[in-house]
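Participant: got a structure for you, letters missing:
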C-alpha cells in the first residue's frame, strides 16, 4: 500500500467538524511541492491531514505520468485509494497532477469512483473539488495564492517552440484544457512533507526545451520563473522555521530568470540565498549541460554553504543519439563540460541520468555511452529505459528496439557503474565528514541514517550510522561530524565523533 504524505509538524487529531484528508504524492520533488501546496490550501480552508487512508473523508492522489511505469503506478494507486470509498469512510476521491493533463476525461470515465480531477495548472481547484473554501483574505495584496495570467513573460525559446508545435496536445484526451500557467509564490499556503531540517523550493515551472523523448512541456506548460524576491522570501521563512537544507528545483533551474530579463539568474539567486543566516546547505536540481556557465560554477565554489554537487541529466553520449533526442553535443563535448566543472569547483560531485534504448540506438552508440561512463567517472548515475510516449516527437521515429535489448543495456550500464561506484566509495573510508542525521534507517532500526553534502535527498545513497560515539542518542535534523569506516556499492557506514561545527555556526547566526 502506498504511504500517505505526512506533513511536517501537523497533527491529525480527530475533529468531527473538520474533514480528514489523506494525500498520496507520486513522482518527482516538483510534484511533491505541488502536493504540499494543495495540502496547505486545504489546511487553510479547514481540512485536517491524516496518515490513515481508512479514516480519511477525502483522498487525493497526486499523479505522475512521465513514463509508462509512472503512469501504471499512478493508476494502481488510484484504484487502491478507490477501495476506501467502499471499505473506509472516504466520501471523495480526487486525482491531481500530470496524469490529469494527459487523460483528463478518461480518468473519470474509466474509474467512476473518482469524483474530481485537478491538473498541474489548477492546484487551487482542489478546494472546490473537496467542497472547501479559503477564508476571505484581508486584502487583494494578501491573497494566499497567485495564478499567473496569460500575459506572463516568456522566453524567446518558448515562443519559438510554441510556433513549432512543441506544446500541441490536440491528440490527447481532454486536450481542450488550457496549457498550465499556475505558479505558487511565497504567500501560498504550504504544508511541508519533507523532514523538518530539509525543504524544496520550486523556483520555476514548465520547460521550453525540444527534447524528443519528453512530454513534460505538454504536461507543465512553457517555462516560467518565480519572482526573485518571492524565492528569497520563501527561503528566509523556511530557515526561520528551522530548515537548514534547501534544494532548489525546476525542470531546468539553469534557465531561471531568463524570462524575467536576468542574466545568470540562477547564479544571482544562489549568491543571494547563500547569505541567509542559518542556511547550512543549499543545492539545486537540475542543470542543462549547455547552461552551466562559468559564473554559476564560480558561485558554487565561492560559498561554503552551497553544496559542491551538480545534477546534470546528460541523457546519452553518442552524438547521433543526442541529435535524434534534440539535445545536441557528443561525448567529447560533454567530457569537456565535466572537466571544466571539476576544475572550477574543487571536490565537485556529479550526478547524471541516461536513457538507453532510444529509437535507432545502435550497438556502437551504446558502446560509446559505456566508454563515456568509464571516462567520466560520474559519482551518482541513474539509467532509464526508453519509454515510447504518445505526444513526444520520438513516438513517430523508426528503429524502435526490442524491450529485451533495452533491458539488457540498462543492466549492463548499471553493472558497469556499480563497479565505478564501489571503487569510488572505498576512497571515502577514513574521511571525516559532516552528516545531516535523518533518523532511524529505513532498512533496520538497529542503524540510523543520514546524508553528506554530496547526497541529495531521496535520490542518492545514504550514510549508515552504527556507532553513536559519545552520544546516547542522536537528534534528527542535526549535524554531526562522523568518520566513514566502511563502504559498499553505493552507501557508506560511519561512526559519530562529535557534534558538527555547523551546529555552532547555525546557533551563532540565529542568535546574532
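Facilitator: The structure has been received and is ready for your questions. Just so it is clear, the model here is predicted, and its values are computed rather than measured. Numbers count the residues shown, from 1 in each chain.
Participant: contacting residues for residue 404?
Facilitator: For residue 404, the contact set (CB atoms under 8 Å, 6 or more residues apart in numbering) is empty. C-beta: built from backbone N, CA, C; applies to glycine.
Participant: next, count neighbours for the residue nearest to residue 134 when sequence neighbours are not counted.
Facilitator: Nearest non-adjacent residue to residue 134, counting by CB to CB, 6 or more residues apart in numbering: residue 45, 5.1 Å away. Residues near residue 45, counting by other CB atoms under 10 Å, number 19.
Participant: looks to me like residue 85 is in a helix.
Facilitator: Yes - according to DSSP: H, G, I helix; E, B strand; the rest coil, residue 85 belongs to a helix.
Participant: tell me which element the spatially closest residue to it that is not a sequence neighbour falls in.
Facilitator: Nearest residue to residue 85 in three dimensions, chain neighbours excluded: residue 113, at 5.4 Å (CB to CB, 6+ apart). Assigned by DSSP states H and E, residue 113 falls within no helix or strand.
Participant: against residue 465, how distant is residue 113?
Facilitator: Noted for residue 113: a distance of 44 Å to residue 465, by CB to CB, to the nearest Å.
Participant: the two: which is more packed in?
Facilitator: Taking other CB under 10 Å, residue 113 and residue 465 do not tie; residue 465 has more neighbours (22 against 18).
Participant: for the more buried one, which non-adjacent residue is closest in space?
Facilitator: Leaving out its chain neighbours, residue 465 is closest to residue 448 (CB to CB, 6+ apart), at 4.3 Å.
Participant: and for residue 453?
Facilitator: Nearest non-adjacent residue to residue 453 (CB to CB, 6+ apart): residue 307, at 4.3 Å.
Participant: what do you get for residue 168?
Facilitator: Distances taken as CB to CB, 6+ apart place residue 218 nearest to residue 168, at 7.6 Å, with adjacent residues excluded.
Participant: does the one you found touch residue 165 like I think?
Facilitator: No - assessed by CB atoms under 8 Å, residue 218 is found out of contact with residue 165, at 10.5 Å.
Participant: looking at those two now, which is surrounded by more residues?
Facilitator: residue 218 (22 against 9).
Participant: give the contact list for the residue nearest to residue 134.
Facilitator: So residue 45 contacts 127, 130, 132, 133, 134, 135 (CB under 8 Å, 6+ apart).
Participant: check these and tell me the two furthest apart.
Facilitator: Farthest pair in those (CB to CB) is 130 and 135. Separation: 14.9 Å.
Participant: flag the shaky bits of the stretch 151-300 of the chain, pLDDT-wise.
Facilitator: 151-154, 171-177 (pLDDT under 70).
Participant: tell me where it has helices.
Facilitator: 156-163, 216-220, 228-240, 265-273, 294-302 (DSSP state H, counting those that start in this stretch).
Participant: okay, the angle between the third one and helix 265-273?
Facilitator: Going back to what we said before, that points to helix 228-240. Inter-element angle recorded for helix 228-240 and helix 265-273: 40 degrees (by axes from the mean of the first three to the mean of the last three CA atoms, to 10 degrees).
Participant: would you indicate which residues of helix 228-240 are buried?
Facilitator: Buried residues in helix 228-240, counted by 16 or more other CB atoms under 10 Å: 228, 230, 231, 232, 234, 235, 236, 238, 239.
Participant: chain center to it: distance?
Facilitator: 19 Å (CA atoms, centre = their mean, to the nearest Å).
Participant: my read: the residue nearest to residue 453 touches residue 455, true?
Facilitator: No - Residue 307 is beyond contact range of residue 455, at 9.2 Å (criterion: CB under 8 Å).
Participant: these two touch, right, residue 135 and residue 44?
Facilitator: Yes - proximity of residue 135 to residue 44 meets the contact threshold set by CB under 8 Å, at 7.3 Å.
Participant: the two: who's more crowded?
Facilitator: residue 44 (19 against 9).
Participant: so what's that one scoring on pLDDT?
Facilitator: On pLDDT, residue 44 comes in at 94.
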